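[1] Build me a model:
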Amino acid sequence: MKPNSTVPSRSRRLTLVLAAVALAGGCGTEPLPPATIAITPEDLVLTEAEPGVTEKLLAVIEDERGRAIEDVQVSWSSSDTSVATVEGVDPRALMTVVGNGSTVLSAVVGTLEAQATVTVRISNRWVLLQVYSALGGDDWVQNTNWGSYKPLDRWHGVSTDFSGDVVGLLLSSNGLSGPIPSELGNLENLQALLLSSNDLSGPIPSELGNLESLEYLMIDNTLLSGRLPRELIGVSLGYFHWNETDLCSPADEEFRRWLKSIFDHRENRECSS
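    A predicted model of the protein is given here:
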């Protein structure tokens with residue numbers, strides 16, 4: 001019997017079937033655009049932290065079918081880089097601690113955005129160690145227990161509140177020398193900073209303006225010099241002694257009003273320019 005030329009051969013039919021299966025399967029695996037994004041962890045609280053400490057973050061990106069998408073570029077940012085910075089261009093990023101406070105980290109893919117909140121509290125012990133190192137602690141008149149793991153209120157000149165936070169540094173006439181370290185601005189509960197009659201030098205760091213609880217600032221009879229930082233206006237001081245130094249105050253009305261608001265203010269020398 002002569003074969004019917006209109007009937008496909010077996011091999012031809014098999015080829016058509018395989019092509020149809022491949023086409024149908026391909027329709028279900030085509031990549032879809034990102035539909036959702038979230039950051040994990042979403043809320044991060046770091047206590048007793050130290051600047052430079054890092055934490056890993058992950059942006060979880062999915063399409064509309066809930067399938068994870070990993071090969072995508074992500075733009076990361078921090079709302080306050082004085083608290084923490086973040087680096088990364090893919091779903092994985094690295095956050096680095098800078099200082100006290102809270103910041104919002106954002107991850108953006110196209111029109112999608114996710115946010116995570118980070119709260120940082122710098123270790124009081126770490127701050128005190130920076131003070132000891134910067135101001136020649138090994139040569140102080142008294143440095144009992146400094147650098148040890150004893151409670152901070154056992155360190156000479158340090159007082160703490162009931163929760164162990166440093167509220168006082170009483171180190172006048174103790175042989176301190178060098179510039180005041182900016183790290184002091186991380187002692188957010190500090191109420192008294194007594195550094196009179198030491199060989200302190202250089203300017204007052206602007207970070208002292210972060211000490212919103214500070215009431216007593218005694219830096220008289222030192223070698224400090226330069227302009228008082230404007231950031232001090234945010235501190236409600238009750239006692240401020242800066243006589244017998246080479247410091248001067250900004251010559252503007254706002255700063256003058258701030259100085260006049262201080263109950264016990266000793267010195268009033270304005271900068272010439």
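
[2] Report how many residues lie close to residue 91.
    The number of residues packed around residue 91, counting by other CB atoms under 10 Å, is 22. For the C-beta atoms, the positions are set from N, CA and C on the backbone; glycine is no exception.

[3] One more: residue 73?
    Residues within reach of residue 73, counting by other CB under 10 Å, total 11.

[4] Not counting residues beside it along the chain, what's closest to it?
    Using CB to CB, 6 or more residues apart in numbering and skipping the chain neighbours, the partner closest in space to residue 73 is residue 89 (5.8 Å).

[5] what does residue 264 give?
    residue 239 (4.5 Å).

[6] is that neighbour in a bridge, and if so with what?
    For residue 239, the beta-bridge partners under DSSP bridges are residue 216, residue 264.

[7] wait, isn't it in contact with residue 214?
    No. Contact criterion CB atoms under 8 Å: residue 239 and residue 214 do not qualify, at 9.8 Å.

[8] Quick check, the residue nearest to residue 73 in contact with residue 74.
    Yes. Counting by CB under 8 Å, residue 89 touches residue 74, with 6.5 Å between them.

[9] between those two, who's got more neighbours?
    Using other CB under 10 Å, the more surrounded residue of residue 89 and residue 74 is residue 74, with 23 against 10.

[10] which residues sit in contact with the residue lying closest to residue 195 once chain neighbours are set aside?
    In space, and not counting its chain neighbours, residue 195 is closest to residue 219: 5.3 Å by CB to CB, 6+ apart. Residue 219 makes contacts with 180, 193, 195, 196, 200, 204, 241, 242, 245, 247, as judged by CB atoms under 8 Å, 6 or more residues apart in numbering.

[11] Residue 173 too?
    Residues in contact with residue 173 (CB under 8 Å, 6+ apart) are 141, 196, 197, 198.

[12] Who's the closest spatial neighbour of residue 207, skipping the chain neighbours?
    For residue 207, ignoring the flanking residues on the chain, the nearest one in space by CB to CB, 6+ apart is residue 185 at 2.9 Å.

[13] For the longest strand anywhere in the chain, which strands pair with it and how are they oriented?
    As assigned by DSSP state E, the longest strand anywhere in the chain is strand 112-122. The pairing partners recorded for strand 112-122 under DSSP bridges are strand 43-49 (parallel), strand 101-109 (antiparallel).

[14] residues in contact with residue 198?
    Residue 198 neighbours (CB under 8 Å, 6+ apart): 135, 171, 172, 173, 174, 175, 176, 177, 222.

[15] Okay, and which of the residues you listed map to strands?
    Per DSSP E, these map to strands at residue 177.

[16] can you put the contacts of residue 198 in CSV and add distance to residue 160 and pLDDT?
    As requested, the contacts of residue 198 are arranged in CSV below (distance: CB to CB, whole Å; pLDDT from 0 to 100):
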residue, distance to residue 160, pLDDT
135, 20, 98
171, 15, 98
172, 19, 98
173, 22, 98
174, 18, 98
175, 23, 98
176, 20, 98
177, 25, 98
222, 25, 98
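
[17] and the residue nearest to residue 264, what is it in contact with?
    Residue 239 touches 215, 216, 217, 218, 262, 263, 264, 265, counting by CB under 8 Å, 6+ apart.

[18] Please repeat the previous calculation with a cut-off of 10 Å.
    Residue 239 sits next to 192, 194, 214, 215, 216, 217, 218, 262, 263, 264, 265, 266 when contact means CB atoms under 10 Å, 6 or more residues apart in numbering.

[19] ditto for residue 245
    Neighbouring residues of residue 245 by CB under 10 Å, 6+ apart: 196, 200, 204, 219-226, 267, 269.

[20] When you filter the residues you listed down to buried only, what's left?
    Applying 16 or more other CB atoms under 10 Å to the contacts of residue 245, the neighbour count classes 196, 200, 204, 219, 220, 221, 222, 224, 267 as buried.

[21] Looking at the residues you listed, which gets the smallest pLDDT?
    The member of these with the lowest pLDDT is residue 267, at 84.

[22] Quick check: closest non-adjacent residue to it.
    Nearest residue to residue 267, sequence neighbours excluded (CB to CB, 6+ apart): residue 243, at 4.1 Å.

[23] Over to residue 227?
    Nearest non-adjacent residue to residue 227, counting by CB to CB, 6+ apart: residue 271, 5.3 Å away.
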